[in-house]
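Asks: turn this into a model:
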Amino acid sequence: MKFDRESKVYTVVFTLIITFVFVFVLSWLNTVTSSMVKKNQEIFKIKAVLNAMEIGYTTNDEAINKFKDTVTTEKKDGYELFKANVNGKEVYAIVFNGSGLWGNISGVLAVNSDVSEIVGIDFISQSETPGLGGRIEESWFKNQFRGEKVVNNGIIVSTTKAPDSKEDGVVDAITGATLTSKSIEKIIQTYIPILKKLLGVN
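Replies: Residues are numbered from 1 along each chain as shown. Predicted structure coming up:
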């Protein structure tokens, strides 16, 4: 039986077959890779927790093992609270989510036991502009927060040059990315009170 390749029926049938094949292949790929994607997301979170808490590692396997050996996890009031003893001091961390310029910014914020000082911050995912807001993932930006005192339940991300001090709760914004920088400020101001509540700090 021959099909007329110029007929509408042939075009419709051919299109349906091709569509079915593509949908089948995409569904199969999604099934095959979903567990790998989930595993990678978990590794990103583990590494962000360790980075924020200032716990060093060199490989993914070492990060996973260090997380298992040194970090305890507790579900509290709908939040995942992480705890570790780092250099003889208790450190707590929480996964945060907040709005950036173009979408959600997720990461980890770590503080000391009385939530008076930022231990560190790291990012899990973000969709900010590369070369501008996307620079929040650069070490110089994140390192500013280490050891910075919490003032008025937060940290100010200043668009003018911040004083070189860890006592004033002020860090430098990213040049040309004011909105993203201020988004980080707002996220921290949102999650410091949450951490205080979870840890029973007044």
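Asks: how distant is the lowest-mean-pLDDT helix or strand in the chain from the center of its chain?
Replies: With mean pLDDT, DSSP states H and E as the measure, the helix or strand of the chain carrying the lowest mean pLDDT is helix 8-53 (a mean of 81). Helix 8-53 has its average C-alpha position 22 Å from the chain's average C-alpha position, going by Cα atoms, centre = their mean, to the nearest Å.
Asks: got the contact list for whichever helix or strand comes after it?
Replies: Downstream of helix 8-53, the first helix or strand assigned by DSSP states H and E is helix 60-70. Contacts of helix 60-70 from elsewhere in the structure, counted by Cβ atoms under 8 Å, 6 or more residues apart in numbering, are Ile43, Ile46, Lys47, Val49, Leu50, Ile55, Tyr57, Ala84, Asn85. For the C-beta atoms, the positions are set from N, CA and C on the backbone; glycine is no exception.
Asks: can we see that at 10 Å?
Replies: Under the criterion Cβ atoms under 10 Å, 6 or more residues apart in numbering, residues 39-40, 42-51, 53, 55-57, 59, 73, 82-86 lie in contact with helix 60-70.
Asks: same thing with stretch 123-142?
Replies: Contacts of stretch 123-142 from elsewhere in the structure, counted by Cβ under 10 Å, 6+ apart, are 41, 44-49, 51-52, 95-98, 100-108, 120-122, 157, 171-181, 183-184.
Asks: buried only: go through these for me.
Replies: Neighbour counting with 16 or more other Cβ atoms under 10 Å marks 44-49, 51-52, 95-96, 98, 100-101, 105-108, 120-122, 157, 171-174, 177, 180-181, 183-184 as buried within those.
Asks: mind checking which of the residues you listed are in helices?
Replies: By the criterion of DSSP state H, membership of the buried ones among the contacts of stretch 123-142 in helices covers Phe44, Lys45, Ile46, Lys47, Ala48, Val49, Asn51, Ala52, Thr180, Ser181, Ser183, Ile184.
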